[in-house]
Each structure stands twice: as C-alpha cells, then as structure tokens.
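Chemist: Requesting a structural model of the entry that follows:
(2 chains)
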Number of protein chains: 2
Amino acid sequence: MSKGEDSRKEIVASALAMASEVGLEGVTIGALAERTGRSKSGLFAHFGSKEELQIAILDEAVDRFVSLVVSPALKEKRGLPRVRALFERWLAWARADFMPGGCIFMAATVELDDRPGPTRDRLVSSEKDWLGVLSGAAKIAVDEGHFRPDLDCDQFAFELYAIAHGYHTLARLFRDRASEKRARAAFDRLLRDATISTETRPSARPSAKHH
Amino acid sequence: MSKGEDSRKEIVASALAMASEVGLEGVTIGALAERTGRSKSGLFAHFGSKEELQIAILDEAVDRFVSLVVSPALKEKRGLPRVRALFERWLAWARADFMPGGCIFMAATVELDDRPGPTRDRLVSSEKDWLGVLSGAAKIAVDEGHFRPDLDCDQFAFELYAIAHGYHTLARLFRDRASEKRARAAFDRLLRDATISTETRPSARPSAKHH
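Modeler: Numbers count the residues shown, from 1 in each chain, chains lettered A, B, ... in the order given. Predicted structure coming up:
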C-alpha cells in the first residue's frame, strides 16, 4: 500500500467514527481536518468534495461489514448455522469500537432518506445488497431442508432486518440488556415459524390436513 | 388561547417539520428564525435555549402522536381490535404531512442515543411510555381472551415496535410499496403466534400434549 493510500485509509477511519457520532452531514472537510490534525487542502487532495467523502465513508463501512459479518458467516455451514451467524454478527456489529456512535447505516438512513443524490444511492444499494444476502441465506436453508419449502425468503429477510433494527434502536436508547434478550426471542420465533411444516399449523387451510 | 400561546404553537409546528427533515440539532434558533420569518429575539422570548426548543418539539410530537394514534385506538373495542388500530395508525403516522422528513422519534433516536441530557431523557421517557401502551394493549387482549394467556406482552410490544421500525426505515429508503406489505405480513404472523394455543404448537413441551 502506498503512503497516499495509507493516509487515505486513516482519514476514512476517523471520518467513519465521526459520522457514527454526528451523522454524515456533520463530517465536513473542516471538522475532519480539525479531528485528524491535517490541513483542509490535504484532505481535499484525497476527497474532492463532501459528497465524495461521504461515499468513501459508506464504502469503508460496507467493507468492514462484509469482513466482520458476511465473510465469517459464509464460513459457517450452509443453511441454519449460517443464518444464525449472520444474525449474531449483526447484533455485535453495532457495538464495534470503530463506530462509537452506533451503526453508521442506521444513522445514514435517517439522514439521507429524503436527500436524493449519489450518497443516498450508495446507501440504498448497500441496504438492498444486505437484504439480498439475508434472503439468499434463507433460500439456502430451504434448499438444505432446514427451513420449510414454502418459506417466503424476502419476508424472512424483512423480519430479520426489523428485529435487528428494533434491537439496535432500543439497546442504544435504553442502555439495557433486555433489548438483546427480546431480539433473540423474536429471532427464535422467526426461526420456529420458518422451520415447522405448514401442515401442522392451525392457520393452514383445512384441506392440508388430508395430505 | 392567548396570542402568545398561539404564536408559540405556530413556531413549534414549524420547528417540528424542520426537525423531521434536518434532525433536532439542525433546528437552531437562527435557522428557525429564518424559516418562520421571525426575529431571533422573538424566538428567545418563547424558548430560552436550544434545549428548551428541542424538548418543546418532542412534547408537541408526543401530543400529536397521542391524538392521532393512541386516542383513536382507545375508542376501538378492547383487545385485538385495539391492537390492530394501534399498528395501523402507527404505520400511517410517519407519513403525516406535518413531518415531511418522516417520523421525528426515529430521527431523534439516532441523533440523541449518545447525547446525555434532558432532551434524550424526554425521548427515552416517551419511547418507554409507547412500549408500555403496546404492552398494555396486548395485556388487555389476553384478558379479553383474544390472545393466549401465557403471552409475554413486553415481548409482543418489542416485536410490534421492531416491525414498525423496519417498515418506517425501508419504506422511506426504498420508496416502494413492498415494505408495507411485508410489515403487514409480519404483523399477521405476530398476531397468529399471540392467538394460538401453545398446546397445539410443535415447539411446546411433549408433556403439554397430555393436558
């Protein structure tokens, strides 16, 4: 890695920590210069604009998310073990030291939802990728026979996403341990419904009983 | 209502709209003066500090939430109809015209989670109240015989909260209709699990079969 790439990486790491605390919009070139002890012109050499800097922050966050959450989970056995690993690692993600203010994606979502532009596009794309990973992991669990064949894998992904968001929100707000317990209980219920056969469920159509 | 109270109400309404777009921290006395066409000294007469203004915004949001979501739901029949009304009205809440940037509580949560102080305390208190309303509504549904007697009502409240948060987040980010459909499906699954007897569920202990 060249010295220029090295220092760029250092700057982006500082910017990511800062963004998790004050939001992407708070990471101005000026504020970042102050935090890193660098000159504004030096930062402009790396990032031509605030927008370029914001996208660099999101790219860095995605890289870290992949290496801390997605890649290790892919080393787990296909199916249920991998789904569990994705969930567990996602819960741990928002407590990472390099994001003292919590999950950067959640912060960015609230910030950017009504601000069209390349930064928002980058975020939408990464959130869709992530839901795709969750849905894909559920599909593999179906193929492996761990989940029922008629499972709606996109619905499963939405619900897993909702549970983790509820957890990240309430755990940070209430600073309690109960939120984690509740998130795990919700996840267990999600797995239970994904696992059991529809034939044995009271909500199944009566005709299913004759199979 | 006195003229002073009237104009205070108008200012807080503008401040609420603004906060939903740029966050509570973005609503400075200066920015609000510009938006409302009033003098900064005029605003200071109503709100001694930025913090006082932020708490006034949250108080106004709570008032509106109660009158748009909680109160109408309390007019529904006790039990399941009331739980359904709370959920439906909560989904509609984040699309209210007076919050062009989406739900103020979600924005405030991301913003304030690591900023101790009276504004954060106000938010924590209102979120706890809301979870209490949801849990209480579930408890009534148990008492009315709509939900199973062994339902963990706080867990039910957490899961309902998570579903609505997932919906508010993804609907605003993806600007699609699928998120609403998914939120409703997740809510149906939550109701189904709250309604059915544990004795008929495959996850119940084997001994339960002999009851």
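Chemist: Briefly note if the longest helix along chain A comes near chain B.
Modeler: Criterion DSSP state H: the longest helix present in chain A is helix A:118-143. Yes - Helix A:118-143 is in contact with chain B by C-beta under 8 Å from any C-beta of the partner chain, via A:123, A:124, A:127, A:128. No exception for glycine: its C-beta is placed from N, CA and C like everyone else's.
Chemist: Where does pLDDT dip in chain A?
Modeler: Along chain A, the parts satisfying pLDDT under 70 run over A:1, A:196-211.
Chemist: Stretch A:79-88 and chain B, are they touching?
Modeler: No - using C-beta under 8 Å from any C-beta, stretch A:79-88 stays clear of chain B, coming no nearer than 13.0 Å.
Chemist: For that stretch, give me every contacting residue.
Modeler: With contact meaning C-beta atoms under 8 Å, 6 or more residues apart in numbering or on different chains, stretch A:79-88 is reached by A:69-70, A:72-74, A:76, A:133-134, A:137-138, A:140-141, A:143-147, A:160, A:164, A:187, A:191, A:195.
Chemist: May I see the PyMOL selection of the buried members of those residues?
Modeler: In PyMOL syntax, the buried subset of the contacts of stretch A:79-88 is picked out as below (16 or more other C-beta atoms under 10 Å in any protein chain shown):
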select buried, chain A and resi 69+70+73+76+133+134+137+138+140+141+146+147+160+164+187+191
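Chemist: From residue B:102, how far off is residue A:24?
Modeler: Residue A:24 is 16 Å from residue B:102, where distance means C-beta to C-beta, to the nearest Å.
Chemist: quick one on the thing from earlier: which strands or helices does the longest helix of chain A pack on?
Modeler: helix A:50-65, helix A:80-93, helix A:104-112, helix A:153-174, helix B:153-174 (3 or more C-beta pairs under 8 Å, 6 or more residues apart in numbering or on different chains; DSSP states H and E).
Chemist: which SS class is residue A:147?
Modeler: coil (DSSP: H, G, I helix; E, B strand; the rest coil).
Chemist: what sits against it?
Modeler: A:79, A:80, A:138, A:141, A:156, A:194, A:195.
Chemist: Closest to chain B out of these?
Modeler: Distances from chain B to those, taken as C-beta to the nearest C-beta, are shortest for residue A:195 (8.8 Å).
Chemist: quick one, what contacts the closest one?
Modeler: Residue A:195 neighbours (C-beta under 8 Å, 6+ apart): A:80, A:146, A:147, A:148.
Chemist: Would you format the helices and strands packed on helix A:118-143 as TSV with distance to residue B:60 included?
Modeler: Converted to TSV, the helices and strands packed on helix A:118-143 look like this (distance: least, C-beta to C-beta, whole Å):
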stretch	distance to residue B:60
helix A:50-65	31
helix A:80-93	34
helix A:104-112	19
helix A:153-174	20
helix B:153-174	19
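Chemist: Which of those sits closest to residue B:29?
Modeler: Proximity to residue B:29, assessed across the helices and strands packed on helix A:118-143 by C-beta to C-beta, is greatest for helix A:104-112 (21.9 Å).
Chemist: and that closest one, is it in reach of chain B?
Modeler: Yes - residues of helix A:104-112 contacting chain B under C-beta under 8 Å from any C-beta: A:106, A:107, A:109, A:110, A:111.
Chemist: Serialize those to CSV and add fields for neighbour count.
Modeler: Written out in CSV, the entries for the residues of helix A:104-112 next to chain B read as follows (neighbours: other C-beta atoms under 10 Å in any protein chain shown):
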residue, neighbour count
A:106, 22
A:107, 22
A:109, 23
A:110, 23
A:111, 24
